[in-house]
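Trainee: sequence first, predicted model second:
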Amino acid sequence: MSNYIISIDQGTTSTRAIVFDHEGQIVSSGQKEHKQIFPHAGWVEHDPIEIWANTREVIGSALSSANLTRHEIASVGITNQRETTVIWDKSTGQPVYNAIVWQDTRTQSIVDELSGTEGPERFKRRVGLPLATYFSGTKIKWILDNVEGVRERAEAGDLLFGTTDSWLVWNLTGGTEGGVHITDVTNASRTLFMDLETLQWDDEILEIFGVPKSMLPEIKSSSEVYGKVHGRQLLREVPVAGILGDQQAATFGQAAFEKGGAKNTYGTGNFLIINTGEEVVHSKNGLLTTVCYKLGDAKPVYALEGAIAVTGSLIQWLRDNLGLIKTAPEVEELAKTVDDNGGVFIVPAFSGLFAPYWKGDARGVIVGLTRYVNKGHIGRAALEATAFQTREVLDAANADAGVDMEDLRVDGGMVVNDALMQFQADILGIPVIRPKVVETTALGAAYAAGLAVGFWDTTDSVTENWAEDKRWEPQMDAPERERQLRLWKKAVTRTFDWVDSDVEA
């Protein structure tokens, strides 16, 4: 009997497989990190072959640790880093280049070229996104323009493009032996190529970018049976039935199904998503318009999103580049060695500034340094940077909605950090709420896959499974909150306009 759903969470730093039961509880998991490749300043790449190998390994780990077989798995859900771009040969299964990661900024010149006289919002009414290095479209164009022979192969119909969900589904369902080449609406809405109203690829924009339509996957809903796992794999014959981009998956896992429902995910970056229902809402305050989810033949549900490029990856930078800590969780203990940030603010514009500024030419700064400052202050400022950036995105969301959010549901790896969550509540001035299952990204994909095969009947079952674990109430008084925000905003302005003709991205 099929009592479980397995979810593949293909993230920016690792790939995980998590098995969930009918109550949405974690039964077992497997996880493996993949290499972060930095060929030049501002360039970030992954090896797609390594990601696929890790995916097979973590599936095996998750099944074996719970002593499960494929017969006990009802379906497979996939969630993924959304804009990261893979192009591969459909005959050999070999990528033509490393995956270009969503954080990568090498395509700024393409953004400038395509913006022309109309500016970065040239296509925003159609696709919900400004022209930015963040999205897949400019990354595809860069590979076509810069990797020898690739454009010719693409125009001949030999190459396929996909975000990592497409890459995994194609390989899971057979690869060169009949693999299914698809994506879902949430990932398609992050390419710069999908019309939000029709949910189809926009031929005019593809022509402007010079991207052959034959490369692109077929756009599907977020919850339907796309195919079955190929017969040579551990999960053979199990349906692949759910796909959601990571942030939309977390929203789904948080049961934010009602218009106005919202969540904030703390991962490599931070992402605030607000459900806007069946209406396409265009932000006036620097947020993105995206597809939240689409269940089978039902109408799509849309969302506004505030995307922050660097939050958890700032802690990794303290660990890997500066050596201030040995493991990421140590940053909380480091921050607790001091009472405050000592006047230090870190604005981690490593990939430019995303929402609400959208400044690709910004770069990171540490300001307020004096001889008084020690590594504890640096650690605390790094944590606080996450909370400050979230406050700015929440302010933009409140302005677009015309009504202030009353509390904030949170999830992701950083929400186990009590010091960060308390400061987040303090700087927002509203309660912050963590659910019992914080792995909402993987859970959301599991729910989508389970709904497609009848493992769960309706989204009401998902809502019933959600439960609060802990909440943090604001303790900072209003004058101190405003002082901190004023200093933060001053620090942000110091990142502007760093990249110019004499400074490479």
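Mentor: Yes, it's here.

Trainee: quick one: pLDDT of the closest residue in space to residue 237 that isn't next to it in sequence?
Mentor: Using Cβ to Cβ, 6 or more residues apart in numbering and skipping residues adjacent in sequence, the residue nearest residue 237 is residue 228, 5.3 Å away. C-beta: built from backbone N, CA, C; applies to glycine. Listed pLDDT for residue 228 reads 96.

Trainee: can you give me the neighbour number for residue 228?
Mentor: Counted with other Cβ atoms under 10 Å, residues neighbouring residue 228 total 19.

Trainee: ditto for the one 3 residues further on
Mentor: Residues near residue 231, counting by other Cβ under 10 Å, number 9.

Trainee: so it touches residue 237, yeah?
Mentor: Yes: between residue 231 and residue 237 there is a contact under Cβ atoms under 8 Å: 7.0 Å.

Trainee: so where's the longest helix in this protein?
Mentor: Criterion DSSP state H: the longest helix present in the chain is helix 375-401.

Trainee: quick one: strands adjacent to whatever helix or strand comes next after that helix?
Mentor: Where DSSP states H and E defines the elements, the next helix or strand beyond helix 375-401 is strand 408-411. Here strand 408-411 is paired, per DSSP bridges, with strand 262-266 (parallel), strand 432-435 (parallel).

Trainee: so which elements touch the longest helix of the chain?
Mentor: strand 262-266, strand 270-277, strand 301-308, helix 312-320, helix 330-335, strand 345-347, helix 418-428, helix 478-493 (3 or more Cβ pairs under 8 Å, 6 or more residues apart in numbering; DSSP states H and E).

Trainee: can you do 7 Å?
Mentor: Judged by 3 or more Cβ pairs under 7 Å, 6 or more residues apart in numbering; DSSP states H and E, helix 375-401 is in contact with strand 270-277, strand 301-308, helix 312-320, helix 330-335, strand 345-347, helix 418-428.

Trainee: off-centre distance for the shortest one?
Mentor: Relative to its parent chain, strand 345-347 has a centroid offset of 22 Å by Cα atoms, centre = their mean, to the nearest Å.

Trainee: my guess is residue 88 meets residue 95, correct?
Mentor: Yes: using Cβ atoms under 7 Å, residue 88 makes contact with residue 95 at a distance of 4.6 Å.

Trainee: which residues are in contact with each of these two?
Mentor: Common contacts of residue 88 and residue 95 (Cβ atoms under 7 Å, 6 or more residues apart in numbering): residue 48.

Trainee: neighbour count winner among the two?
Mentor: The neighbour comparison of residue 88 against residue 95 (other Cβ under 10 Å) goes to residue 88, with 25 against 20.

Trainee: which helix or strand contains that one?
Mentor: Residue 88 belongs to strand 86-89 when assigned by DSSP H and E.

Trainee: so where's this structure uncertain?
Mentor: Residue ranges of the chain with pLDDT under 70: 1, 501-505.

Trainee: buried ones in stretch 153-160, by neighbour count?
Mentor: Buried residues in stretch 153-160, counted by 16 or more other Cβ atoms under 10 Å: 153, 154, 158, 159, 160.

Trainee: ok, stretch 434-441 next?
Mentor: 434, 435, 437, 438, 439, 440, 441.

Trainee: residue contacts, residue 20?
Mentor: 4, 5, 7, 26, 27, 443, 446.

Trainee: same check on residue 365?
Mentor: Residue 365 makes contact with 347, 491, 494, 495 under the criterion Cβ under 7 Å, 6+ apart.

Trainee: surely the third one and residue 367 touch.
Mentor: What it means is residue 494. Yes: the pair residue 494 and residue 367 qualifies as a contact (Cβ under 7 Å) at a distance of 5.7 Å.

Trainee: circling back: got the buried residues of stretch 434-441 as a markdown table, with secondary structure and distance to residue 331 columns?
Mentor: Shown next, in a markdown table, are the buried residues of stretch 434-441 (DSSP: H, G, I helix; E, B strand; the rest coil; distance: Cβ to Cβ, whole Å):
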| residue | secondary structure | distance to residue 331 |
| --- | --- | --- |
| 434 | strand | 18 |
| 435 | strand | 23 |
| 437 | coil | 24 |
| 438 | coil | 18 |
| 439 | coil | 20 |
| 440 | helix | 22 |
| 441 | helix | 21 |
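
Trainee: most widely separated two among those?
Mentor: 434 and 441 (14.2 Å; Cβ to Cβ).
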